[in-house]
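>>> Let's see this in three dimensions:
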Amino acid sequence: MSFLAKAAMALSMTYYLFIFGFLWIGQMLGLHNEIWDIFEFPIQPSSPPVWTLMIGLILTLLALLSLAGAFRGAWLILNGGQGQDFRDLARNLRRMAWGLIGFWIGYNIISAVMPYLIVIGLDSTEGFEFGWDPLDLDIIFAITGVVLLAISQTLGRAWQAEDENKHFL
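Below is the predicted model of the structure:
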């Protein structure tokens, strides 16, 4: 099972980096014009301003770095097996939690802000639908992150108690 989870994390990170890198960088280089389709806008004859594409690229990279941090925490937990101590488990769960929360924040900033930024240079936004729902299905990332953060704090206290018991005996 551990191998499948690790493979899924590696494949998904590779996929997201490739797809979103191709989207933003390809758009800047004028290789395609798929940005409109991603945000479900009518296709336009030209690309958005380069500065908006740079912001989109940076925000996407930050969101993916957060997801990579979450995956790293999960990877370390899977590598540690049953023999890892509470302190390592707490640290890796905390890393996972903050990564998931950071990904949710980044994803929502991209979803809320980027549609407005990419249409700044257009004469008209008639026929464009701007919608953002912070409570969409991706809220699961934030909820899971908060729960993992609470569990990591409990494991941190368990490690402290275990450490005190070792010194007591």
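>>> how close does Leu76 sit to Met13?
Distance of Leu76 to Met13, given as Cβ to Cβ, to the nearest Å: 15 Å. In short, each C-beta sits where N, CA and C put it, glycine included.
>>> the bottom helix or strand of the protein by mean pLDDT?
Ranked by mean pLDDT, DSSP states H and E, the weakest helix or strand in the chain is helix 139-168, scoring a mean of 86.
>>> Could you point out which residue ranges in the chain have low pLDDT?
Residue ranges of the chain with pLDDT under 70: 163, 168-169.
>>> What helix or strand is the most centrally placed residue in the chain located in?
In the chain, the C-alpha nearest the mean C-alpha coordinate belongs to Phe103, at 2.7 Å (Cα atoms, centre = their mean). Per DSSP states H and E: Phe103 is located in helix 86-118.
>>> now do Asp136
For Asp136, there is no helix or strand it lies in under DSSP H and E.
>>> Thr52 now?
helix 50-80.
>>> helices or strands next to that helix in the packing?
With contacts taken as 3 or more Cβ pairs under 8 Å, 6 or more residues apart in numbering; DSSP states H and E, helix 50-80 sits against helix 2-29, helix 86-118.
>>> how distant is it from the center of its chain?
Distance of helix 50-80 from its chain centroid, counting by Cα atoms, centre = their mean, to the nearest Å, is 5 Å.
>>> returning to what we had before: export the helices and strands packed on helix 50-80 to TSV and tack on distance to Glu40?
Shown next, in TSV, are these (distance: least, Cβ to Cβ, whole Å):
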stretch	distance to Glu40
helix 2-29	14
helix 86-118	9
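>>> Let me know which of the ones you listed is tucked in deepest.
Using mean count of other Cβ atoms under 10 Å, the stretch among these with the largest mean neighbour count is helix 86-118, at a mean of 20.
>>> could you give the angle of that helix to helix 139-168?
If you take axes from the mean of the first three to the mean of the last three Cα atoms, to 10 degrees, helix 86-118 sits at 160 degrees to helix 139-168.
>>> Adjust the sequence numbering to begin at 861 for everything that follows.
Let's use 861 as the start, then, which means that last one is helix 946-978.
>>> what's the angle between helix 946-978 and helix 862-889?
Using the same axes, to 10 degrees, helix 946-978 lies at 30 degrees relative to helix 862-889.
>>> picking that back up, separation between the residue nearest to the centre of the chain and Met861?
23 Å.
>>> of all the helices and strands packed on helix 910-940, which lies closest to Ala1018?
helix 946-978 (4.6 Å; Cβ to Cβ).
>>> What is that closest one packed up against?
Helix 946-978 packs on helix 910-940, helix 999-1028, going by 3+ Cβ pairs under 8 Å, 6+ apart.
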